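Engineer: Sharing a model prediction with you, sequence too.
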Protein chains: 2
Amino acid sequence: MKYVTIIDIAKALNISKSSVSKAFNNRSDIKSDTRELILRTAKEMGYSPNPFAKRLMNQCSFQIGLVVPEFINAFFHEVMIGIQEVMFEKGYQILIMNSNESSEKELENVKTLTSNMVDGIILSMASQENVAYYSSLIDKGFPIVFFNRIPTKQINTSKVLFDDYKWAFFATEHLIYQSFKKIFHFAGPSSMAISKQRKLGFIDALKKHKISVDEKSIIETGLLISDGQREMEKLINSGNLPEAIFAVNDPAAIGAMKILKKHGYKIPEDVALVGFTESKLAELIDPPLTSVAQPTNEIGRTAAKLLLEQIESKGIFVPQTVILNGQLNVRESSIKLNEK
Amino acid sequence: MKYVTIIDIAKALNISKSSVSKAFNNRSDIKSDTRELILRTAKEMGYSPNPFAKRLMNQCSFQIGLVVPEFINAFFHEVMIGIQEVMFEKGYQILIMNSNESSEKELENVKTLTSNMVDGIILSMASQENVAYYSSLIDKGFPIVFFNRIPTKQINTSKVLFDDYKWAFFATEHLIYQSFKKIFHFAGPSSMAISKQRKLGFIDALKKHKISVDEKSIIETGLLISDGQREMEKLINSGNLPEAIFAVNDPAAIGAMKILKKHGYKIPEDVALVGFTESKLAELIDPPLTSVAQPTNEIGRTAAKLLLEQIESKGIFVPQTVILNGQLNVRESSIKLNEK
DNA sequence: ACCGGTTTCGAAACCGGTTTCGATAAAATA
DNA sequence: TATTTTATCGAAACCGGTTTCGAAACCGGT
C-alpha cells in the first residue's frame, strides 16, 4: 500500500507543502481558490493524512485505553459499547485490554497503554493493589477515570459508580416485603468493595426490619456460576435451607438455581432467589430471575464523557463522582405464592 | 505528561541521539559499554520510545482492525479474545469496530481503519454489499482476512470458516436418529450465506433419510430471541406443531422454547429443540439446549495467524481457507424419551 | 510615483525517532 | 614504521505532517 502524502500533492500542483497543510487546516493565510484546488486534487489523488505524523506533531494520540478485569460477563461488553458510542463521535479510538482479574496483568496493561501514549484511561480494577501507582499517574496530570471497581481510598479523579449498598438494600427489602423470614446472602469475595457494599446493604435491610442477622446466613461464595453451584450443594447437604437467597450477582444466583432444581426443589416455592447486575440470562432462565439492573450503557457513556472532560481541560478540572441509578427487575424467582 | 525522548538522554550523557537510537536497536556499531550506559540511564530517566515517531519511520503501525457485524451475542466477543491472544503476543494492537449489521457502517469502519493505516483487517461481513471494494483493497496489497461471514464469490485472500452445511446436517441427523419424523427448521435471513448453508444441511439430511421436505417445514425466522418467539407463537396458533425444530441459532431456539413453555408444552416430550452456535445460555436454560458449538477462540486465533502471515510476507503469500471443526453438544432438549 | 497595510505564499524548523555515510581513532597487518 | 582494516561515533537526511516568520505581491489612498 502506497499512501499519498501532502508532498505528492504539492508536487502535482507545483506549490509548497506548507500551503497544502494550510488548506486542510482551514488557515486564514491561503486564498480560497487555491484551497479548493488543493482539496479537490487531494481528493482525486486519494489522499488521507498520515495519523502518525499528526500525532507526532500535536502530541495527542486521539486514543484512549479501557482496562477491564474480565470478559466473561456481558457487563463490561455493554459498558464498552457505551464508551465507544461517545468516543468514536469525538474521533477517538479505544484500545481494550483485559486484566483477567490479575493486578499484575492490570499494571502491565496500564503501562503498555501509557507507553503507547493514550490520552487517558478508563479503568475498572481487579484489586486495590496498584492504586498508589495510578495515583501517581493522576498527579502527573494523566487522565484516568474509574468505574464499577473503584479505589476505596480517596483518589483525585473522576469516578462512575453504582450504589451497590442501596440496591442490595432494596433487593433484600423486596424479599422481606414478600414476607420471607429466613433469608441468606451469597456474598462475593470479601476483598472486593462491591461485595462488601452489597453485603452491607443486605445486613442493614434485615436490621431495619428487625430480622436478626445470623452469621451463618452470609456465605462467601464467589462470582461464578460454579461458585453458586458449589455453595448451594453444601447448603443442601447441611439441611439448613433458607426461604430466600440474595446473591451477590446473577451467575451465583443461577448456579444456586441449577442445583436447587437438580435436587427437585421448586423456585420460588421452596427457595426464592434474587440476583444482581442484570444479565441476559436472568429473564431467559426458568423461572426468570429477579435481579438488579445496572445502566451499563450509561455507565460507559458517563465514564467516556468524564474522561473527555479531563483530557480537554488540560490540567484544571474538578474531579466528579457520578452515582448512577439502577432498577430492580422483579420476576418469578422471588415472588411469594399464596398457596404452598 | 512530559515524556522523555532520546534527545533528553543524549543531552544527559553528552552524546548524539544517533548513538542512543543505536543502543536500543542493538546495532553493531556501538560499544557495548556505552550501550549499557545508555540503556541504564534511559531506564533511570523513565524513557519509553514514542510509538508515533517509530510508526512514522518504519511505515508500519503494529495495529490491526477487527470489524464485526454485531456485539449482541457472545460469539464475536469470544473470537475477539482469540485474536487478542495471538496479536498481543506479537506486539499488535487491535482496533475493534462494530458495523451493527449495516454494510454502509461497515464500509465506513473499514475506511476509518485504512486511513488510520492499520497493517491489516480481520472482517466478518454484514452483507455481500462491499465485496468489490474489499477485493480492490486486497489487489492493492492490503491484507484482509475474512471469517464467519465471508464473501460468497471467489476472493483472493485467506478465510476462516465453519462448515455450517456439515454441522447443520449432523444436527438434523441427530434429530432423525432420535426417531423424530416431523422436523421443522427455523431458518435465518435468506440473504446470509450461513443461513443458506444451514438450511441446505437441514434439507439434505432429511433427503438422505428419505424424509420428504415440506416447504411449510422451513420457516424464515431471524437471528434474535424475539424472532424465535414471534414465529413460534404463529406456529402454535396455526396448530401445526412439529415434533422437533432445528433452529438457525441459539437465540431463535431459545425464543421458541420460551413460547412453548409459556403455552404449557413440554420440551423435549412435545417438541424437541436443537440450536446452533453454542451460547452460554444453552446449558443454563431449562431444559438445557442441544447445540452446535463453534470453536470461537480457535477461529480468532487462526484468523489472527493468517493475517500475520499476510502482513509479514509482504506481497507473496498463498491465500488459505481454513475450515474448523465443531462439536454437537447433545443435551436434554433434543432427546427422545421412551415414554410419552 | 510613493507609501502603509493586507493578503498570500514558501523556506525552514520542529515533532522523535531511524539510517546512511563520513570522520576519527584504535587495532591489525605488512 | 607505514599502511590497511576495523570499531565507534556524530552530523545530517528522512518519515509526513504543523507552525513560524519573512518575503513578495497586491491593494487603495495620497
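Structural biologist: Yep, that arrived.
Engineer: Need the CA coordinates for the lowest-mean-pLDDT helix or strand in chain A. CSV is fine.
Structural biologist: Lowest by mean pLDDT, DSSP states H and E among the helices and strands of chain A is helix A:280-284, with a mean of 87. The C-alpha coordinates for helix A:280-284 follow below in CSV (Å, rounded to 0.1, in the frame of the first residue of the first chain):
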residue,chain,number,x,y,z
LYS,A,280,-29.4,-11.6,29.6
LEU,A,281,-29.7,-15.0,31.3
ALA,A,282,-31.9,-13.5,34.1
GLU,A,283,-35.0,-13.3,32.0
LEU,A,284,-34.3,-16.4,30.0
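Engineer: Could you check how far that helix is from the centre of its chain?
Structural biologist: 19 Å (CA atoms, centre = their mean, to the nearest Å).
Engineer: Outside of that helix itself, list whatever touches it.
Structural biologist: Helix A:280-284 has contacts (CB atoms under 8 Å, 6 or more residues apart in numbering or on different chains) with A:74, A:250, A:254, A:275, A:288-291, A:329, A:331, B:225, B:254, B:258, B:280-281, B:284-285. (Glycine included, C-beta is placed from N, CA and C.)
Engineer: Just those residues: which are in helices?
Structural biologist: The helices, defined by DSSP state H, take in A:74, A:250, A:254, B:225, B:254, B:258, B:280-281, B:284 from the contacts of helix A:280-284.
Engineer: Nearest to DNA strand C among the residues you listed?
Structural biologist: A:Ala74 (39.6 Å; CB to the nearest atom of the strand).
Engineer: Would you mind confirming that A:Gly300 makes contact with A:Phe75?
Structural biologist: No. A:Gly300 is beyond contact range of A:Phe75, at 10.4 Å (criterion: CB atoms under 8 Å).
Engineer: Look at the two and report which has more neighbours.
Structural biologist: Using other CB atoms under 10 Å in any protein chain shown, the more surrounded residue of A:Gly300 and A:Phe75 is A:Gly300, with 26 against 21.
Engineer: The closest residue to the more buried one other than its chain neighbours: neighbouring residues, count only.
Structural biologist: Nearest non-adjacent residue to A:Gly300, counting by CB to CB, 6 or more residues apart in numbering or on different chains: A:Gly82, 2.3 Å away. A:Gly82: 20 surrounding residues under other CB under 10 Å.
Engineer: for A:Phe246, same thing?
Structural biologist: For A:Phe246, using other CB under 10 Å, the count is 33.
Engineer: helix/strand/coil for it?
Structural biologist: strand (DSSP: H, G, I helix; E, B strand; the rest coil).
Engineer: Quickly list what it is bridged to.
Structural biologist: A:His185, A:Val274 (DSSP bridges).
Engineer: Now do the domain split for chain A, please.
Structural biologist: A:6-49, A:61-162+A:296-325, A:164-294+A:328-334 (automatic domain parsing).
Engineer: what's the span of the shortest one, first residue to last?
Structural biologist: This points to domain A:6-49. This stretch, domain A:6-49, spans 8 Å end to end (CA to CA, to the nearest Å).
Engineer: Quick check, the residue in the stretch 151-300 of chain A closest to chain B?
Structural biologist: Across the stretch 151-300 of chain A, the shortest distance to chain B (CB to the nearest CB) belongs to A:Asp286, at 4.2 Å.
Engineer: Residues of chain A that sit close to chain B?
Structural biologist: Chain A comes close to chain B at residues A:1, A:3, A:48-53, A:55-56, A:61, A:71, A:74, A:77, A:81, A:84, A:93-96, A:98, A:115-117, A:140-142, A:225, A:254, A:258, A:261, A:280-281, A:284-286, as judged by CB under 8 Å from any CB of the partner chain.
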